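**Student:** Structure for this input, please:
(chains A, B, C and D)
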Number of protein chains: 2
Amino acid sequence: MKLRHIEVFHAVYVTGSVSGGARALNVSQPSVSKVLKHAEDQLGFSVFDRISGRLVPNEKGKKLFAEIEPLFDRLNDLDRFALNLKNLKTGHLRFAMTPAFGLEVGPAALAQFAKNNPDITIETETLHSGQVVKALLDNMIDMGLVFDAPSFPGIQKQHIGRSGFVCVAPEAMELPEVDVLMIENLVGLPLITLNQKSILGQVLTRKLEDAFGGPVESKIVVETYHLAKRLVKQNAGIAVIDAITALSGDLTGLQIKKITPSIEIKVDVITRLNEPKTKFQSAFNGELKAAMDEFCSKRHYKLLLK
Amino acid sequence: MKLRHIEVFHAVYVTGSVSGGARALNVSQPSVSKVLKHAEDQLGFSVFDRISGRLVPNEKGKKLFAEIEPLFDRLNDLDRFALNLKNLKTGHLRFAMTPAFGLEVGPAALAQFAKNNPDITIETETLHSGQVVKALLDNMIDMGLVFDAPSFPGIQKQHIGRSGFVCVAPEAMELPEVDVLMIENLVGLPLITLNQKSILGQVLTRKLEDAFGGPVESKIVVETYHLAKRLVKQNAGIAVIDAITALSGDLTGLQIKKITPSIEIKVDVITRLNEPKTKFQSAFNGELKAAMDEFCSKRHYKLLLK
DNA sequence: AGACTGTATAGCCTTAGGTTATGGGTCGGG
DNA sequence: CCCGACCCATAACCTAAGGCTATACAGTCT
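**Tutor:** Now for the predicted structure:
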């Protein structure tokens, strides 16, 4: 079976017709018709029954599709992978981080690194945590910075710091006059939470459910914590977010409180497994750690977390 | 990247040269040279450095290979899969079992089934347990009969009976005059054991090691229990094998003893997951169960195992 | 130097896979 | 009930990928 056969079979199968497949593949209908026929000839059996002029997959076709579908996905991945490989240059750093680090820690580390290594070119972006892992596996990037990196085949993580969750509320809101807020006290307040796509969102939801003893009722669910913070500032509710986001950028109009029981999260640098780190990758790793430490001390981080 | 590019790149990479790849693919050297060049042109970067007239994979080439290799294997699997699909017919049963069942239980069930379903054609073979699972996943067969089917993605198992291990010794050999042999008593005797490729071999070795309190020293290691049995008959040693093999076929010249602690193993029919069973597959399943029960009662199986 | 091995280029041929043009089914709606 | 709107298949044609042989060229090892 040639690659074209697989592509055509797949397209025809998912669209449900030769013409549909042809449209999907941007070729003419007769071409698809012919290639499909050729594929069937070569296989030695038909994969579609022609009933009343239409194509309907038969038993063998269904089985073949079940086998081909995952393979097809991987073939598509390959092309993307190869494309990303083009950008692989020596003296070039490709780095992604989650939005939490995008305002302070990341820029600080990148700036320092760029200064120390003027001949290295840099490519960077902020992505959500799942996308960072994917980008790493797809060879779109070489290093990533995320919270609580999951154990993932082909991914290597290195712990460079830690953070935790804090509560962020509008300054105007009346909260118990305490240093440390009990999570249970949040019940009934208009909560802004993170959606479940990210590790952080999952960790937080689990903890909140534990503390509340039941499901969490969110007023607003957001994708990134920065957005949550902006919403809090607009008096849209109260949020439990990571301390790094909370303490990044502008803090006016906000009150920030520690919570108990405290929720710790790790800060990890992730790279591909079994791939020798270049000298400048190690250097950048050092800058990230330094920027984390710096941020933690400068922003009274200790005061909040321990 | 076209399929041919993947094939050629893979062949050149593993053989280490264009000429080698050409030989492996059974095409001329210039053809491989050209296709490889074309692939590199299309990718937009070179994957091999030409140093002193030879090809040596560069950084990108290595990464690409790491990505392509597993994909390549799956593509090869696909062709085999498609080939096997050719034999998929309605009214046709493809069945495999481990050698233990090949002498009595399997033939009995097949014979009865064939008699009851004269219009169904049958295809059968004996394979080692790992091969049965693989054949099932490759769509070479539709049902399999094995001991202690492992939990395997895509495989569904159904328990139809049970067996256990017994000790088989030459009639001439002097053994303790007891009904039930302690496993520990086997230490020092010339043991014939099963290799570790099969589930049974692994289970047995683990149990023996537990009982012996140390590694098992085998005089002979075999692939199938029938072979072990023949060897016992030739006075080559003493074996611990499954009761079904032990009680199948000719028993002259052998003494069979229960062992303690007893070792139980399940007898499972395996099929592909999420695939509706045909009526006759269910019927054959029934025949297998019946044949198992019949064999157990007829051969004084109870006496040995309970 | 000469034999050997490997790669690349040139020139030629076959065929998979693309095109447009066309004809023959099936079906729902006026 | 026939007409337009789909759908699929075939015919005739074209292009280029990928095969071949022949040949030149670059290292390596006797």
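
**Student:** A:Glu123 is in what secondary structure piece?
**Tutor:** strand A:121-126 (DSSP states H and E).

**Student:** got the CA coordinates for that strand in CSV?
**Tutor:** What follows is strand A:121-126, C-alpha atoms only, in CSV (Å, rounded to 0.1, in the frame of the first residue of the first chain):
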residue,chain,number,x,y,z
THR,A,121,19.5,33.7,18.3
ILE,A,122,16.3,33.1,20.3
GLU,A,123,12.8,32.1,19.4
THR,A,124,10.2,32.2,22.1
GLU,A,125,6.5,32.0,22.7
THR,A,126,4.0,31.4,25.5
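
**Student:** tell me what it is packed against?
**Tutor:** strand A:92-97, helix A:105-116 (3 or more CB pairs under 8 Å, 6 or more residues apart in numbering or on different chains; DSSP states H and E). For the C-beta atoms, the positions are set from N, CA and C on the backbone; glycine is no exception.

**Student:** Can you tell me which of those is packed in deepest?
**Tutor:** Across those, averaging neighbours per residue (mean count of other CB atoms under 10 Å in any protein chain shown) puts strand A:92-97 on top, at a mean of 22.

**Student:** what pairs with that strand, and is each one parallel or antiparallel?
**Tutor:** strand A:121-126 (parallel), strand A:143-147 (parallel) (DSSP bridges).

**Student:** DNA strand D contacts on chain A?
**Tutor:** For chain A, the residues in contact with DNA strand D (CB under 7 Å from any atom of the strand) are A:17-20, A:29-30, A:33-34, A:36-37, A:50, A:53-55.

**Student:** Going by neighbour count, list what's buried in the strand holding A:Glu123.
**Tutor:** A:Thr126 (16 or more other CB atoms under 10 Å in any protein chain shown).

**Student:** Run through the residues that contact A:Arg54.
**Tutor:** Neighbour list for A:Arg54: A:Ser17 [criterion: CB atoms under 8 Å, 6 or more residues apart in numbering or on different chains].

**Student:** Give me the phi and psi for it.
**Tutor:** phi -110, psi 160 (degrees, to the nearest 10).

**Student:** What score does it have for pLDDT?
**Tutor:** At A:Arg54, the model reports a pLDDT of 85.

**Student:** The one 10 residues further on now?
**Tutor:** For A:Leu64, the model assigns a pLDDT of 91.

**Student:** returning to that earlier point: put together CSV for the strands paired with strand A:92-97, with mean pLDDT on each row.
**Tutor:** As requested, the strands paired with strand A:92-97 are exported to CSV (pLDDT from 0 to 100):
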stretch, mean pLDDT
strand A:121-126, 88
strand A:143-147, 94
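
**Student:** picking up where we left off before, ok, then the element right after the strand holding A:Glu123?
**Tutor:** helix A:129-137.

**Student:** Now chain A against chain B: closest residue?
**Tutor:** A:Leu3 (3.3 Å; CB to the nearest CB).

**Student:** I figured that residue was touching B:Leu3, is that so?
**Tutor:** Yes: counting by CB atoms under 8 Å, A:Leu3 does reach B:Leu3; the two are 3.3 Å apart.

**Student:** What distance do you get for the residue of chain A closest to chain B to A:Gly16?
**Tutor:** Distance check for A:Leu3 against A:Gly16: by CB to CB, to the nearest Å, it reads 22 Å.

**Student:** Repeat that for A:Phe280.
**Tutor:** 51 Å.

**Student:** of the two, who's got more company?
**Tutor:** A:Phe280 (17 against 13; other CB atoms under 10 Å in any protein chain shown).

**Student:** Spit out the contact partners of the residue of the stretch 101-250 of chain A found nearest DNA strand C.
**Tutor:** For the stretch 101-250 of chain A, the residue positioned closest to DNA strand C under CB to the nearest atom of the strand is A:Asn139, at a distance of 24.8 Å. By CB under 8 Å, 6+ apart, the contact set of A:Asn139 is A:81, A:84-85, A:88, A:272, B:63, B:67.

**Student:** how about a cut-off of 6 Å?
**Tutor:** When contacts are counted by CB atoms under 6 Å, 6 or more residues apart in numbering or on different chains, A:Asn139 is found next to A:81, A:84-85.

**Student:** and those residues, which of them are in helices?
**Tutor:** A:81, A:84-85 (DSSP state H).

**Student:** okay if I get those residues as CSV plus neighbour count and pLDDT?
**Tutor:** Formatted as CSV, those follow (neighbours: other CB atoms under 10 Å in any protein chain shown; pLDDT from 0 to 100):
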residue, neighbour count, pLDDT
A:Phe81, 21, 90
A:Asn84, 16, 87
A:Leu85, 21, 87
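
**Student:** Tell me the one of the residues you listed nearest B:Ala135?
**Tutor:** B:Ala135 has its nearest neighbour among the ones in helices among the contacts of A:Asn139 in A:Phe81, at 32.1 Å by CB to CB.

**Student:** and the closest one, how far is that from B:Ile241?
**Tutor:** 50 Å.

**Student:** Next: A:Leu273.
**Tutor:** A:Leu273 is 43 Å from B:Ile241, by CB to CB.

**Student:** Looking at those two now, which is surrounded by more residues?
**Tutor:** Taking neighbours as other CB under 10 Å, A:Leu273 and B:Ile241 compare with B:Ile241 leading, 26 against 13.

**Student:** Tell me if I am right that that one is in a strand.
**Tutor:** Yes: looking at B:Ile241 with DSSP: H, G, I helix; E, B strand; the rest coil, it is inside a strand.

**Student:** Now do the contacts for the closest residue to it other than its chain neighbours.
**Tutor:** Nearest non-adjacent residue to B:Ile241, counting by CB to CB, 6 or more residues apart in numbering or on different chains: B:Tyr225, 4.2 Å away. Counting by CB under 6 Å, 6+ apart, B:Tyr225 makes contact with B:100, B:241, B:245.

**Student:** Low-confidence regions, chain A specifically.
**Tutor:** A:300-306 (pLDDT under 70).

**Student:** mind listing the helices in the stretch 101-250 of chain A by residue range?
**Tutor:** A:105-116, A:129-137, A:199-212, A:225-233, A:243-247 (DSSP state H, counting those that start in this stretch).

**Student:** Pull out the buried residues from the third one.
**Tutor:** Right, the one you point to is helix A:199-212. Counting neighbours by 16+ other CB under 10 Å, helix A:199-212 gives A:199-201, A:203-205, A:207-208, A:211 as buried.

**Student:** Can you tell me what sits against it?
**Tutor:** Under CB under 6 Å, 6+ apart, the answer for helix A:199-212 is A:129, A:147-148, A:183-184, A:187, A:194-196, A:216, A:263.

**Student:** report the longest strand in chain A, please.
**Tutor:** Across chain A, the strand with the greatest residue count (assigned by DSSP state E) is strand A:155-170.

**Student:** what's the angle between that one and helix A:129-137?
**Tutor:** 160 degrees (axes from the mean of the first three to the mean of the last three CA atoms, to 10 degrees).

**Student:** partners of strand A:155-170 in the sheet?
**Tutor:** Counting by DSSP bridges, strand A:155-170 is paired with strand A:238-242 (antiparallel), strand A:254-260 (antiparallel), strand A:264-272 (antiparallel).
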